[in-house]
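In: Fold the stuff below for me.
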Amino acid sequence: MCDTSLPAIKEQLKQAYNTKLFFTDLNGRLKNLSVNPNEIENIMKNGVGIDGSSIAGIATVDNSDRVLKPVLESFRLVDFGDRKIGFFVGQLFNQDGSRTSVDPRYALERAVEKAATDNQIKFLMGPEHEFFLFNSDEVNADTHTDKLDYFGSSPTDIGDVVRQDIVNVLEKCGVQYEKTHHEVTSSQHEINLEPGDPLTIADRTILFQFVTKEVAAQYNLHASFMSKPFTGHNRNAFHIHVSFSDLEGNSLCYDEKCEHGLSDKLMNFIGGLTTHARAMSIIQASTVNSYKAYVLGKEAPIVRGWGLQNRSSMVRIPHALSTQATRMELRCPDATGNVYLQFATLIFAGLDGITTKADAGQPDMGSTYKKETRIKVFDERFLPRDFYPALMEAEKSTFLPQALGEDLFNNYLKIKIAEWDEYRTTVTDFEHQKYMSI
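Out: Presented below is the predicted three-dimensional model:
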C-alpha cells in the first residue's frame, strides 16, 4: 500500500525528478502540468490556476479561470528506473471554491455519493485494459510489433517484455495486477489490475494509461488505445466488470432463490443499462472510430441485451468462482472515452434501473450476431451502429442531462457534434477508391 498522508508524500517527493497533476478534458484526453514539489502543501490547500478555456468542454474565454487541486489519495511515486515521477490526479474548482460542474471526475463523485446515500450501495469495478503496441508513433506509419494471437508467446515478442515492465512499474507504486497476456489481434495486449471502488479505479486508469505510454516509449514504441486501428481486426475494448454490495460489504448481486443466482437488484441494474444503452452510447463509445468496431461476427456487442457467459452480449455474466464474486461485465465501452463519465453513466443508469425496477428481459442465447440484424438501418433493439445515430440518441435523452448535469451534458454534446461535423466533411481514402473513377 502507498502511504498517502501529507508528511509521507512530502518525503517521497524528495526523490521525484518531476511532480505532475493529471486530469482529463471532456473527451477523456489526458492533461497534466508540473508543479514545484516543495510547494505541495500549499498546492493541496489552494490549488494551481489554469486556463479552463483551453481545455475541451471546461470553460469559455470570458470566464476561463479554474483551479486544479491534487487528490491526496491518488498520489503515487512512479519509478521508471531512470527517473521517478510524483503522480497526482486533480479536481477542478471554480474561483469561489465550489466544484466545477463540468469536471468529469465530479460527475463520478456524485454518482458514487448517490449510490451510497440514496441506495446504500457501494461498487467494486475492474476494467480490462487493452492496447496496441506499434513500431512508430507516426499515425500513417504504425507497423505491427508481432504476428501473435490470443495468449500468443514468442521468445522475440517485445510486447511481453513491455507488458511486464508496465506491471512492474505499477507494482512498485502500490498498484497490483491480476494478469497480463497477448490479445487476439497482432500487436494487441491486455492487462487487468485488481478491482476497487469506482473513483480509485478511474484514477488508476489515468495512471495506467500514463505508465503504459511512458514504458512503451522507452522501447521506441507507441502504445495506442484507439478503438479500431485496422479494418477486419478486433478492437481495443474497455470491458468493465461491476459488482455491488451494501455498505457493510455484503454482496447484493447473488441470491440463491433467484434464477441463475442473480439477484433482483442485479437484474434491475442490468435492466437500467439496457434501457439507457442507446442514450449513453456516445459516452461509452465516444469517437467516430468506436463504431467501426460494431461488426457482425466480432465480440464487440451490437445488441442491447445480456447473457450468461456470452461474449457477444452487451452485458455478460461471467462465471464466478464464489457467490461473493458474482458480477456483471459491460462490454460496449472502449478506452477512447472519458473513464469518469463512462463509470458515472454506468452507475446512474443502473441505479435508475433499480429505482424503476427495469426489466432486463431474457438472456441472449447463442451468438447475438446470428440474429437477423440487416433488416433495417434503424432498429432500437441494437446499439447505435454509427456516431451520428448515437449523437441523436444522446440529444433526445432526458436521462443524460439529469445524470451528468445540464452544463456538462451540453458541453459534451457540443464537442461531439463538432467532431461529427469534422468527420462528415472530410473526404476519405474510401471515397477516393470508390468514386474517383466515376
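
In: which stretches of the stretch 101-250 of the chain form helices?
Out: Assigned by DSSP state H, counting those that start in this stretch, the stretch 101-250 of the chain shows helices spanning 104-119, 158-172, 198-218.

In: Turn these into JSON lines, columns for distance to His182, mean neighbour count and mean pLDDT.
Out: To be clear about C-beta, it is placed using only N, CA and C from the backbone, and glycine gets the same treatment. Shown next, in JSON lines, are these (distance: least, Cβ to Cβ, whole Å; neighbours: other Cβ atoms under 10 Å; pLDDT from 0 to 100):
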{"stretch": "helix 104-119", "distance to His182": "31", "mean neighbour count": "19", "mean pLDDT": "98"}
{"stretch": "helix 158-172", "distance to His182": "6", "mean neighbour count": "19", "mean pLDDT": "95"}
{"stretch": "helix 198-218", "distance to His182": "15", "mean neighbour count": "21", "mean pLDDT": "98"}
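
In: Just tell me which of these ends up closest to Pro384.
Out: Closest of the helices of the stretch 101-250 of the chain to Pro384 is helix 104-119, at 21.4 Å (criterion: Cβ to Cβ).

In: what sits up against that closest one?
Out: Residues external to helix 104-119 that are found in contact with it (Cβ atoms under 8 Å, 6 or more residues apart in numbering): 23-24, 26, 28, 89, 91-92, 99-100, 121-123, 197-199, 202, 244, 247, 338, 340-341, 343-344, 347-348, 351, 354, 403-405, 408.

In: In CSV: the helices of the stretch 101-250 of the chain, plus distance to Arg311.
Out: Formatted as CSV, the helices of the stretch 101-250 of the chain follow (distance: least, Cβ to Cβ, whole Å):
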stretch, distance to Arg311
helix 104-119, 27
helix 158-172, 22
helix 198-218, 22
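
In: List buried residues within the contacts of helix 104-119.
Out: 23-24, 26, 28, 89, 91-92, 100, 121-123, 198-199, 202, 244, 338, 340-341, 343-344, 347-348, 351, 354, 403-405, 408 (16 or more other Cβ atoms under 10 Å).

In: closest to Thr428 out of the helices of the stretch 101-250 of the chain?
Out: The closest of the helices of the stretch 101-250 of the chain to Thr428 is helix 198-218. By Cβ to Cβ, the value is 27.2 Å.

In: quick revisit: now for the helices of the stretch 101-250 of the chain, which one comes closest to Ser286?
Out: helix 104-119 (11.5 Å).

In: Report the inter-axis angle for the closest one versus helix 198-218.
Out: Angle, helix 104-119 to helix 198-218, by axes from the mean of the first three to the mean of the last three Cα atoms, to 10 degrees: 150 degrees.

In: Now the residue nearest the centre of the chain, what are its backbone angles?
Out: Centroid check for the chain by Cα atoms, centre = their mean gives Val339 as the closest residue, at 3.4 Å. Per-residue torsions, Val339: phi -60, psi -40 (degrees, to the nearest 10).

In: what about Leu321, which SS state?
Out: For Leu321, the secondary-structure state derived from DSSP: H, G, I helix; E, B strand; the rest coil is coil.

In: ok, it - how many residues close by?
Out: 8 (other Cβ atoms under 10 Å).

In: what pLDDT does it get?
Out: As predicted, Leu321 sits at a pLDDT of 82.

In: rewinding a little: next step: the buried ones among the contacts of helix 104-119 restricted to helices.
Out: Among these, the members falling in helices (DSSP state H) are 198-199, 202, 340-341, 343-344, 347-348, 351, 354, 403-404, 408.

In: Dump those to CSV, plus distance to Ala293.
Out: What follows is these, written out as CSV (distance: Cβ to Cβ, whole Å):
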residue, distance to Ala293
Pro198, 24
Leu199, 28
Ala202, 22
Tyr340, 22
Leu341, 19
Phe343, 20
Ala344, 22
Ile347, 24
Phe348, 24
Leu351, 28
Ile354, 29
Ala403, 25
Leu404, 24
Leu408, 26
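
In: among these, which two are most distant?
Out: Across these, the longest distance by Cβ to Cβ is 23.0 Å; it joins Ile354 and Leu408.

In: got the contact list for Tyr294?
Out: Contact analysis of Tyr294 by Cβ under 8 Å, 6+ apart lists 285, 300-302, 383, 385.

In: what does Ile283 give?
Out: Residues near Ile283 by Cβ under 8 Å, 6+ apart: 337-338, 341-342, 345, 394, 400, 412.

In: Kindly report the same for Gly126.
Out: Applying Cβ under 8 Å, 6+ apart to Gly126 gives the contacts 178, 192-196, 201, 240-241.

In: Now the buried members of those residues.
Out: Buried subset of the contacts of Gly126 (neighbour count, 16+ other Cβ under 10 Å): 192-193, 195-196, 201, 240-241.

In: wait, Val102 sits on Ile58?
Out: Yes - contact criterion Cβ atoms under 8 Å: Val102 and Ile58 qualify, at 5.8 Å.

In: where do the contact lists of those two overlap?
Out: In contact with both Val102 and Ile58: 26, 92, 411, using Cβ under 8 Å, 6+ apart.
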